[in-house]
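>>> my questions concern the predicted model and sequence given below.
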Amino acid sequence: MKRRGWIDALFIFPCAFAFIMVIIVPFGLGIYYAMTDWNGVNPIVNWVGLSNFQGMFSEPQFIYSFLITLMYTAINVVFVNIVGFGLALLVTGKLRLRNIYRAGFFVPNLIGGIVLGYIWQFIFNNVQVDMGNALGIAFLQKSLISRPDTVIWAMSVVNTWQYAGYIMMIYVASIQSIPGSVMEAASVDGANFFQRVRRILIPMMASAFTITLFLTLTNSFKQFDLNFTLTNGGPAMRFMAKPIRSSQLLAMDIYRTANQQNLMAQAQAKAVIFFIVLVIFSLTQVYLNKRKELEA
Amino acid sequence: MRKLLSLALVAVLALSVLALPASANEKVNFSVFQLKVEIDPMIQAFGKLYNEKHPDVNVTVETLGGGADYGGALKAKLTADQMPTIFMIEGQGGYDLWKDFIADMSDADWVKDTDLAFYDPDGKAVGFPIAMEGFGLGYNAEILEKAGVDPATLTTFSATKAAIEKIAGMKEELGLDAVVSVGTSVAGGLWWVTSQHVFNAFYAGYQEYNDSSVYDALRRGEVDQERLTAFANYLKLLYDNADPNVLENGNYDAQVAAFASGKAAFITQGNWIDPNLAQLEATFPMGYISHNFLEEESTGLYMAAPSWFVVNKQASPEQQKAAIDFLNYMALSEDGANYMVAEAGMVPAFKSVKLQPEGPFSKALVEASARGGNFNWYFGQNPDGFNQGTLGPIFELLATGTVEDFVADVTAAFQEIANK
Amino acid sequence: MSQLEPVAGNKRRFRDEGRSPGLIIAEVGTMLLFLLFMVPFLLVLLNSAKTAKEIIFSPVSWPQNWGQLGENITAIFNNPSTDYLGAFVDSVIITVASLAVIALFSAMCAWALVRNRKGWSTAIFMAFVSAMVIPFQVVMFPLVKWFKIMGDAIGFPLLGTYHGIVFAYLGFGCSMSIFILHGFIKSIPMELEEAATIDGCSQVRTFFEIVIPLLQPTFITVLILNGIWIWNDYLLPLLILGSAGEVQTIPLAVTAFAGSYLKQWDLILTSALLAMIPIIVLFLFAQRYIIKGMVEGAIK
């Protein structure tokens, strides 16, 4: 087919233009500010080179935030995708109420902001503790979001609740684009449900996995809203002999550096490091997945 | 034809240029940007009233809600070139950041009528106190009476300790969950209750109102270990007699609800809980005692202005003048007093205002203010983010940790900022 | 109609109504999971029909009087600090307009990128993808500054306007949409488009008449994912529209109920419930579309 270059250019232009104006230019400005003494207020901005990048790695809170973000991301990618994929299998199956379920699993996405924090703090601090007391289970008698060793897991549970339905939508779209005859043929061949899923469905959904893994990876790494409203970074713990916040993920650390300490330039510098790390991780993931897609 | 058109165009242009100076007769527009959602309807109404009585100016009031990040929103306004004429600062940190935008108001009439103005390092009055707020250890008079404790006698550490222990022994017959309602959870957003307000007793307690010597020494890194240990023991006493679920997880609503429902005899909160108590229909008599962490007798409360209105120095001179007139009217007119006290329920920061607020704790503050012997606030002078980021976790760790660790952590934290 | 039978070893594919033990377990298990997922939503619903005092003192109880829900709704609409109805209308305008431009332009862009297998198209695609990792906090202040500069330069303000925020949503939303659409367009066989061209279809018509209809289920996914984000977004509207500008959205309006000390939970929870309803209705509506698409696909 003969394609006209100018039509393609015209097709690409609107997104590319908005993208450059809304993300690329401000991002460039952001990198520039990372090398200045900008405080968000003073119009006179001086160039300070890389000095904002020094010192952040001797800050116990930043180091801990970095480590905990990696751990949180790993837990989340696994949880959200397993649950999301499982839900997608269920709601594309023969269940009687599958349409209601689909909406139901998606509803958590509609609860955000302070309401999310309010509801889930209540669930952990009251419902869970009352249950622990009633059942006599010591593990549940203290709120999971007020213990440094469990808080990340509790956040992952809430994030999975919130985000699995979202990821489910992508899996559903992918399952629906697979011709039904392929699965039926396999079923005639005597393959059971799990064999069919593993040998046929998953390989055919390779491109969907690239998308979902990427989305969960980047979104977990960038997690902010849930962190802010559910735990606000707490509870406190000791790390490298200093009291710090045990669930303060990187995005929140950056936010607090910028807005509570009013160190805008240092926050921008942290954000640049954050960006570089995330690019490395996510591009590695996309590269590995794409290789898998080709194999399939 | 075309010539005629261009001629007409030039004429229009010229006219519009000539017309410009005439706009001096137009209204002076200026704006207020504030963050207290609680008083939004009242200050809007006051602004409207002001506009009606002053046809030559037009004030618009904008409120940022949600306990949202006011500093961030103000920065966004600055970047968008929509800097308000009157905005708020909450202390030294805000002043340092925005000082290029803060006008001198030393000559304004309202300055003479208050002790709570914000002064810059050169001694110029720059901040208009929005209200007076205060706190101490709030008590439920009904419970104390049933327990046979007279609040008037709770003026020393040992008396307070004995009373708390006595009530702790009668928890069941008094129907209490805990003696003290106090929260320190970072997650619950209550870090400020202990690491700002209760700790302010350490900065300011047992001194003259304007004596900042303890605080100044602290900022030089000289930490009085004896005083700090005494304070830590007092705080630990409150923590040990609190409901652990409120202390370690609770949010503001949970803390206030425990007190309002009569499940706790004391609360570590200020007069801003009056509207919450009204919402929860708590009608029992209540009052304040001081945070008594030493054996010296004291009844003083901790009161100051929580935030100040400042006028944007970079606004036009007409706008600045209109803004200062507006603030004068708020402080010195009957309409202003009516708005501040009767409508918004605040404790006025101005001496000429004779109206009295309705809220029980606000009333207690007005009485304490008349009695004298009160203490200033200093926590607002700590570096930005220090109270929440550094002290917050330290105060939370005391809930499960020891007084010794707490003293060492606080000492280290102040020595670190002193060395910078 | 469906491709999957969650039934171990069931070969009787023609027995559609077959209720094997496996399916029953799946039914019951899913129902329980569904109920578990709905618990937080139920808490919102129950507490929307209570007074603030009731919410704080007994948050899990059944409401004493469901009529309170109506009173809370009236209180929201009559609140002097916020124009909830206006914010609702603005939210609808902004969400619908943003979704329209995001879906259309992203599909156009993704299609042009997929069908040009060249170095530059991969580079542009990778640029879109890697931008998804940029944390919003890095660009937010520079963005406001840049919008101000641009608005002044073209004499057409971007801050505080509908087109400004829609433009911003296109910029932020197109990355993920292109990423998803790109993946799905690749799976559309080239032959279909080639056949259309041979029939004399122009490139533009091929896109609108062949590609777009094939993308329907993916479109719905993209619309829903973006729709929820835009509908609930707080920070971007705050920065672009301001907290008291002419144009407001629901998340901005709701903050009028949350003071720094006094949070009016009755109004906050009720308005959260009100804000959810249109999205749930839309979702159920879109579902029927998806199902319809599935049926058509099965018939083909």
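Happy to help now that I have it.

>>> chain center to stretch C:28-47: distance?
21 Å (Cα atoms, centre = their mean, to the nearest Å).

>>> contacts for that stretch, please.
A:87, A:90, A:95, A:97, A:100-101, A:104-105, A:107-108, A:111, A:115-116, A:119-120, A:122-123, A:161, A:165, C:55, C:59-63, C:265-266, C:269, C:272-273, C:276 (Cβ atoms under 8 Å, 6 or more residues apart in numbering or on different chains). The C-beta positions use only the backbone N, C-alpha and C, and glycine is treated the same way.

>>> which of the three states applies to B:Val59?
What DSSP: H, G, I helix; E, B strand; the rest coil gives for B:Val59 is strand.

>>> B:Lys354: how many residues sit nearby?
B:Lys354 has 9 neighbours, counted by other Cβ atoms under 10 Å in any protein chain shown.

>>> need the contact list for it.
B:Lys354 touches B:Ala337, counting by Cβ under 8 Å, 6+ apart.

>>> kindly report the same for B:Val223.
Contacts of B:Val223 (Cβ under 8 Å, 6+ apart): B:217, B:410-411, B:414-415.

>>> do the same with B:Ser307
With contact taken as Cβ under 8 Å, 6+ apart, B:Ser307 is in contact with B:88-91, B:130.

>>> farthest-apart pair in those, please.
B:Gly91 and B:Ile130 (12.4 Å; Cβ to Cβ).

>>> per-residue pLDDT, residue 93?
Unless you meant another one, I'm taking chain A. Turning to A:Gly93, the model gives it a pLDDT of 81.

>>> to clarify, I was referring to chain C.
95.

>>> that one contacts C:Tyr162, correct?
Yes. Assessed by Cβ atoms under 8 Å, C:Ile93 is found in contact with C:Tyr162 at 6.3 Å.

>>> out of the contacts of B:Val223, which is most surrounded?
Counting by other Cβ under 10 Å, top hit in the contacts of B:Val223: B:Val410 with 24 neighbours.

>>> that residue: helix or strand, and which one exactly?
Using DSSP states H and E, B:Val410 falls within helix B:403-418.

>>> what is the mean pLDDT for that helix?
On average, helix B:403-418 scores 95.

>>> what residue ranges in the stretch 151-300 of chain C score low on pLDDT?
Residue ranges of the stretch 151-300 of chain C with pLDDT under 70: C:289-300.

>>> name the residue of it that lies nearest to chain A.
Here the residue of the stretch 151-300 of chain C nearest chain A is C:Gly171; by Cβ to the nearest Cβ that distance is 2.4 Å.

>>> how near is the residue of the stretch 151-300 of chain C found nearest chain B to C:Ala75?
Of all residues in the stretch 151-300 of chain C, C:Thr255 sits closest to chain B, at 3.3 Å by Cβ to the nearest Cβ. Distance, C:Thr255 to C:Ala75, using Cβ to Cβ, to the nearest Å: 16 Å.

>>> quick one, domains of chain B?
B:28-133+B:305-367, B:137-300+B:382-418 (automatic domain parsing).

>>> can you read off the pLDDT for A:Lys2?
61.

>>> with adjacent residues omitted, what lies nearest to whatever residue of chain A ends up closest to chain C?
Minimum separation of chain A from chain C (Cβ to the nearest Cβ) falls at A:Val22, amounting to 2.4 Å. The spatial neighbour of A:Val22 that comes closest, neighbours along the chain excluded (Cβ to Cβ, 6 or more residues apart in numbering or on different chains), is C:Gly171 at 2.4 Å.

>>> check which helices and strands the helix holding B:Val410 sits against.
Judged by 3 or more Cβ pairs under 8 Å, 6 or more residues apart in numbering or on different chains; DSSP states H and E, helix B:403-418 is in contact with helix B:213-219, helix B:225-240, helix B:392-397.

>>> near chain B, which residues of the stretch 151-296 of chain A show up?
By the rule Cβ under 8 Å from any Cβ of the partner chain, the part of the stretch 151-296 of chain A lying against chain B is A:230-238, A:243-245, A:247, A:256-262.

>>> re earlier: ok but the residue of the stretch 151-300 of chain C closest to chain B is inside a strand, no?
No. With three-state DSSP as the criterion, C:Thr255 is located in helix rather than a strand.

>>> wait, it sits on B:Val37?
Yes. Using Cβ under 8 Å, C:Thr255 is in contact with B:Val37, at 7.4 Å.

>>> dihedrals phi and psi, A:Phe239?
Main-chain torsions, A:Phe239, degrees, to the nearest 10: phi -140, psi 130.

>>> wait, B:Leu176
Main-chain dihedrals, B:Leu176, degrees, to the nearest 10: phi -100, psi 150.

>>> residues in contact with it?
Contacts of B:Leu176 by Cβ under 8 Å, 6+ apart are B:143, B:167, B:262-265.

>>> now it: how far from B:Glu145?
Taking Cβ to Cβ, one finds B:Leu176 at 14 Å from B:Glu145.

>>> ramachandran angles for the residue of the stretch 51-200 of chain A found nearest chain B?
Closest residue of the stretch 51-200 of chain A to chain B, Cβ to the nearest Cβ: A:Asn125 (4.2 Å). For A:Asn125, the backbone dihedrals are phi -80, psi -30 (criterion: degrees, to the nearest 10).

>>> same check, this time on A:Asp189
For A:Asp189, the backbone dihedrals are phi -70, psi 0 (criterion: degrees, to the nearest 10).

>>> how much space between it and A:Ser181?
13 Å.

>>> go on, A:Leu140?
Counting by Cβ to Cβ, the gap from A:Leu140 to A:Ser181 is 49 Å.

>>> neighbour count winner among those two?
A direct count of neighbours by other Cβ under 10 Å for A:Leu140 and A:Ser181 places A:Leu140 higher, at 18 against 10.

>>> now do that one against A:Ser246, distance only.
From A:Leu140 across to A:Ser246, the span is 19 Å (Cβ to Cβ).

>>> check which helices and strands the helix or strand of chain A with the lowest mean pLDDT sits against.
For chain A, the helix or strand with the lowest mean confidence is helix A:180-188, at a mean of 73 (criterion: mean pLDDT, DSSP states H and E). Helix A:180-188 is packed against helix A:193-196, with contacts defined by 3+ Cβ pairs under 8 Å, 6+ apart.
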